[in-house]
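1. I need the structure of the sequence given here:
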Amino acid sequence: MDTPKPAPAKSYSPLTLAFMGDAAYELLVRNYLVSQGNCPVRSLNRRKVELVRCQSQAKALVFMWPALTEEEKEIAMRGRNAHVGHVPKGASIGDYHAATALEALFGYLFLEDQGTRMGQLFALAMESARQEEDKTFAVSHLPQ
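-> Reported below is the predicted structural model:
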């Protein structure tokens, strides 16, 4: 069975890109955690939740921002500026918009079959997670 060829990634709405990016990013996180070695599933899930929550994704985006190309920044800003409709309890609107930006970027890279670049940016995201110990973070300095 042939799978349909997707439309060019830039033709999708930022929230559609974020929908795909959410899945791609979570799969990268799960792979990263399992590659760290065997541990109880409960521990894996707890760490996964820490890494995919919007505050962590917002930190990751700010950390990787200088390494992004202009095209990647454009995609991320489209995601950041998308009307999301709701913000999860306990999340700031700034963090949620930044997380949507990161997910849109990863969705774009996934749809464009840019796995190597996704891996490079994901490595930066994990470096951000390792360096960042402060649990409270505002994304007020993300470019407007």
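
2. quick one: pLDDT of residue 64?
-> Residue 64 is assigned 96 on the pLDDT scale.

3. burial of it, as a residue count?
-> 21 (other C-beta atoms under 10 Å). In short, each C-beta sits where N, CA and C put it, glycine included.

4. for the one 10 residues further on, same thing?
-> Residues near residue 74, counting by other C-beta under 10 Å, number 13.

5. next one: residue 8
-> Other residues close to residue 8 by other C-beta under 10 Å number 9.

6. point out where the chain drops to low pLDDT.
-> Scanning the chain for pLDDT under 70 picks out 1, 5, 132-144.

7. ok, 50 please
-> 133-141, 144 (pLDDT under 50).

8. so which residues of it form helices?
-> Remark: helices assigned in the chain by DSSP state H are 14-35, 41-52, 54-64, 70-80, 93-111, 115-131.

9. who are the packing partners of the longest one?
-> Contact analysis of helix 14-35 by 3 or more C-beta pairs under 8 Å, 6 or more residues apart in numbering; DSSP states H and E lists helix 41-52, helix 70-80, helix 93-111, helix 115-131 as its packing neighbours.

10. buried residues in it?
-> Within helix 14-35, the residues scored as buried using 16 or more other C-beta atoms under 10 Å are 14-18, 20-22, 24-25, 28-30, 32-33.

11. same question, the second one
-> With burial defined by 16+ other C-beta under 10 Å, the residues of helix 41-52 counted as buried are 44, 47, 48, 51, 52.

12. what separates that helix from the chain centre, distance-wise?
-> Relative to the chain's own centre, helix 41-52 is displaced by 16 Å; criterion: C-alpha atoms, centre = their mean, to the nearest Å.

13. for it, output the C-alpha coordinates as CSV.
-> Taking C-alpha atoms only, helix 41-52 is exported to CSV below (Å, rounded to 0.1, in the frame of the first residue of the first chain):
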residue,chain,number,x,y,z
VAL,A,41,8.9,2.5,33.6
ARG,A,42,7.4,4.8,36.3
SER,A,43,10.8,6.6,36.4
LEU,A,44,10.9,6.8,32.6
ASN,A,45,7.5,8.3,32.5
ARG,A,46,8.1,10.8,35.2
ARG,A,47,11.3,12.0,33.5
LYS,A,48,9.5,12.1,30.1
VAL,A,49,6.8,14.3,31.5
GLU,A,50,9.4,16.7,32.9
LEU,A,51,11.1,17.0,29.5
VAL,A,52,8.0,17.4,27.3
